[in-house]
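S.K.: Sequence and predicted model, in that order:
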Amino acid sequence: MNTGTKIPRPLAAFSLIELLVAMSILMLLTVLIAMLIDSTGRTSTTWHRRMDAESQARLVMDRLAMDFAQATRRGDVDVNFAIQPGDDALTLYGQTTGYNDSLPANAAPRSLSVIGYRMNTNSHQLERAARTLSWNEMTFSSTNGQVLAGTNAALPPSVPAVDAGGGSTNYEIFGDQVLRFEYGFLLKPDATTTPPRLQAVLSATPPARLSDIGAIVVACATLDNKARALLTPTQINSLANVFSDFSATDAAAGRDILASWDAILRDPSKFPPVGVPLPLANNVRLYQRYYTLR
C-alpha cells in the first residue's frame, strides 16, 4: 500500500580515497610549481651575475683600448710595463684628459695625462688614475734607448708618478669586481733578432722597443660583489693567488694567459683553493683581449 511517504535519497559525496588522491595531486602540483619558481630564480640570479661580470669586464677592456689607442708612442718616451709577481701594473703617457688637484679651477683643459693601472692589494680591485700634464711637463728617456720595464717603486726614467706627491690620491676604484690583472705581449716577426723571429710569438716580458710589440695581451679574472660579500679577505686572496703569473714557459708553449688560467680553473687539484667553497668559487669569470698597436 502506498502511503505517500518519500524515502530520502543518500546525499552524493566524495569518498575518503578520492579526497586523499586529490590532496596528493594538489601537493604534487604545489611542489612542482615551487621547484619551478626556485629554479627560475636561481637561473635569473646566475644570469644577472654573469651579465654583471661581463659588463664590468667590457668596461675595463674598452677603457684600456681607448688608453692604448691614445698612448704617446715615441722612441724616446718610456712606458712602465710593471711585470711583477702577482698582479701587474701599467703607467704610460696618453692624450686624454685627467685630473690634477694642483691646477686652478679655471685652468684650460689639457690633453696630455700620465695614466696608471694597478690592483689594490687589500681589496683585490682594479684602480685607474690619470693625472693631467702640460706638454712641456713630458720628459724623455735619459738612456740611449727606450725603457719599457719598471715597477711601481722604480719607474723608468721618463715616466712620472701618477701621484706627483708619491701618494695614492689620484687612484680610484675602476673595476670593483676585477680579482686579478695580468698582461703579456705578442711580438712582431723580426729577422734581425738572434735567433730570428720568423713569426709573431708570445712573450712574458716587454721587448727593447715599443715598435716590436704587435699586440698587448690583457687578461682579468672577475668575482661578482655578491660572492665577495660571502667570502673572507683570506679566501678572496686565495682565489686571486690561484691564478699564476704569465711565464716564459707559457709563452714558449704558445699558451696565452687565458689558456693558462683556464687550465687551472678546470683542474680539481688546484681549483677551488683550499678553504674556498666551490659554489662561490664558480662565480669567477675569465676574460682576455688582444690590443693591436698600430
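M.R.: Okay, I see it.
S.K.: distance of Leu186 from Asp62?
M.R.: According to C-beta to C-beta, to the nearest Å, Leu186 and Asp62 sit 20 Å apart. (Each C-beta comes from the backbone N, C-alpha and C, glycine too.)
S.K.: okay, those two: which has more neighbours?
M.R.: Using other C-beta atoms under 10 Å, the more surrounded residue of Leu186 and Asp62 is Leu186, with 19 against 11.
S.K.: helix or strand for that one, which one?
M.R.: Assigned by DSSP states H and E, Leu186 belongs to strand 178-187.
S.K.: Show me what whichever helix or strand comes after that strand is packed up against.
M.R.: The first helix or strand that comes after strand 178-187 along the chain, using DSSP H and E, is strand 201-203. Packing partners of strand 201-203 (3 or more C-beta pairs under 8 Å, 6 or more residues apart in numbering; DSSP states H and E): strand 178-187, helix 248-252.
S.K.: Does Arg74 belong to a helix, a strand or coil?
M.R.: coil (DSSP: H, G, I helix; E, B strand; the rest coil).
S.K.: Need the pLDDT of Gly75.
M.R.: If you check Gly75, the pLDDT there is 76.
S.K.: For it, what are phi and psi?
M.R.: Backbone torsions of Gly75, given as degrees, to the nearest 10, read phi -70, psi -20.
S.K.: correct me, but it touches Ser158?
M.R.: No: using C-beta atoms under 8 Å, Gly75 is not in contact with Ser158; the gap is 11.5 Å.
S.K.: Looking at the two, which one has more neighbours?
M.R.: Shown here are Gly75 and Ser158; by other C-beta under 10 Å, Ser158 has more neighbours (20 against 11).
S.K.: dump the residue contacts of that one.
M.R.: Asp76, Val77, Asp78, Met138, Thr139, Phe140, Ser141, Ser142, Val147 (C-beta atoms under 8 Å, 6 or more residues apart in numbering).
S.K.: Could you list the low-confidence segments of the protein?
M.R.: 1-13, 45-46, 100-109, 142-146, 151-155, 157, 164-169 (pLDDT under 70).
S.K.: repeat that with 50
M.R.: Within the chain, no stretch has pLDDT under 50.
S.K.: what residues go with each domain of it?
M.R.: Per automatic domain parsing, the structural domains of the chain span 43-69+178-294, 74-176.
S.K.: The stretch 151-294 of the chain: strands as residue ranges?
M.R.: Applying DSSP state E, counting those that start in this stretch to the stretch 151-294 of the chain gives strands spanning 172-175, 178-187, 201-203, 213-223, 284-292.
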